[in-house]
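Q: Sequence and predicted structure are below.
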Amino acid sequence: AALTVRFLTRRFIGEYGDMEFIYSHNLTVDGREILFHIWDVPNSQQAEDGSSEEKRIQWADSFVLVYSICDRASFNILPLKIQFIKATKEGQSQEKVPIVIVGNKRDLQHQRVVSSEEGRLLALSLDCGFYEVSAAE
């Protein structure tokens, strides 16, 4: 949620509840007006029944999966999430689904438990993009 709000408002808010939101946002990219719809789902809600998660996956055109570099568990669930997304989206067509893995909290190096290299290797092995960022900065 912090990363989504930072993208939409350029402000950082550190504390969020476990709420699910859909945001709409216009952005000009390469001279073209793009309308984004962002379905922001906290990790705790992603553990719901498979049909809710499948509905979200069918709704989306691309995916940004965010983990905390300070939380190994948030990183460890990514391979299963990505496999589920690919099976759900790519099973219907031959088109590759755009997925980006984002390691957040780069500003908290002293609390890091997931290395940048681990993130890059995971993204490479799963054919995804990879970035490390700090929503706070």
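A: Nice, I can see it.
Q: Per-residue pLDDT of Glu48, please?
A: The confidence metric pLDDT takes the value 52 at Glu48.
Q: no, scratch that, I was asking about Ser93
A: So Ser93 comes in at 66 (pLDDT).
Q: and if you look at Trp39?
A: 77.
Q: Tell me how far the nearest residue to Phe130 once chain neighbours are set aside lies from Glu90.
A: Closest residue to Phe130 apart from its sequence neighbours, by C-beta to C-beta, 6 or more residues apart in numbering: Ala123 at 3.5 Å. In this view, the C-beta of every residue, glycine as well, is placed from N, C-alpha and C. Ala123 is 17 Å from Glu90, where distance means C-beta to C-beta, to the nearest Å.
Q: Show me which of these two is the more surrounded one.
A: Ala123 (21 against 12; other C-beta atoms under 10 Å).
Q: tell me which element the more buried one falls in.
A: In this assignment (DSSP states H and E), Ala123 forms part of helix 116-125.
Q: Tell me the buried residues in the top helix by length along the chain?
A: Taking DSSP state H as the criterion, the chain has its longest helix at helix 78-90. Under the neighbour-count criterion of 16 or more other C-beta atoms under 10 Å, helix 78-90 has 78, 81-82, 85-86, 88-89 buried.
Q: now for it, which elements pack on it?
A: helix 50-59, strand 63-68, strand 99-104 (3 or more C-beta pairs under 8 Å, 6 or more residues apart in numbering; DSSP states H and E).
Q: mean pLDDT for those: which is lowest?
A: helix 50-59 (a mean of 76).
Q: quick one: that helix to strand 63-68, angle?
A: Compare the direction of helix 50-59 with that of strand 63-68 by axes from the mean of the first three to the mean of the last three C-alpha atoms, to 10 degrees and you get 120 degrees.
Q: Quick one: residues in contact with helix 50-59.
A: 39, 41, 46, 63, 84-85, 88-89 (C-beta atoms under 8 Å, 6 or more residues apart in numbering).
Q: With stretch 62-72 instead?
A: Contacts for stretch 62-72 (C-beta under 8 Å, 6+ apart): 3, 57, 74-75, 77-78, 81-82, 85, 97-106, 108, 111-114, 119, 132.
Q: Right, I'll leave it there.
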